[in-house]
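J.: Sequence isn't available, so here's the structure alone:
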């Protein structure tokens, strides 16, 4: 069942570091069919007015760069907050991003139906996990 209480969310967030490196690129809508060949490695696609944002596993970095012919940004570590967060919960990501900002860790957060996910610089993954643990224990 989805959790909406901020105290419970923070206490039960249980961050899980996903294996490997992740990258982010932008693509044109016309490239979506080519990207579909790599769906097992694509973690997220978000459509913006300027184009598609694609978050993907590092295993296909060269292929994505070739398809999009654009800059690939990363590497990032993907951390999933395993608590089933209610999509209407208030303040959860605000508290998390605030705690990471205090540690000077940049974060790109996105929410899916069951969980919230954080992309942080790969070299700061351990610092991020420590900061999240500290926040969860308060």
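T.: Thanks, I have it. Predicted, not measured: the structure shown is a model, and the values here were computed from it.

J.: Next up, phi/psi of the closest residue to residue 111 other than its chain neighbours, please.
T.: Closest residue to residue 111 apart from its sequence neighbours, by C-beta to C-beta, 6 or more residues apart in numbering: residue 87 at 6.7 Å. In this view, the C-beta of every residue, glycine as well, is placed from N, C-alpha and C. Note on residue 87: its backbone torsions stand at phi -60, psi -20 [degrees, to the nearest 10].

J.: same deal with the one 4 residues further on?
T.: The phi/psi pair for residue 91 (degrees, to the nearest 10) reads phi 90, psi -10.

J.: how many neighbours does it have?
T.: Using other C-beta atoms under 10 Å, the number of residues around residue 91 comes to 11.

J.: Now do it against residue 107, distance only.
T.: The gap separating residue 91 from residue 107 is 16 Å, by C-beta to C-beta, to the nearest Å.
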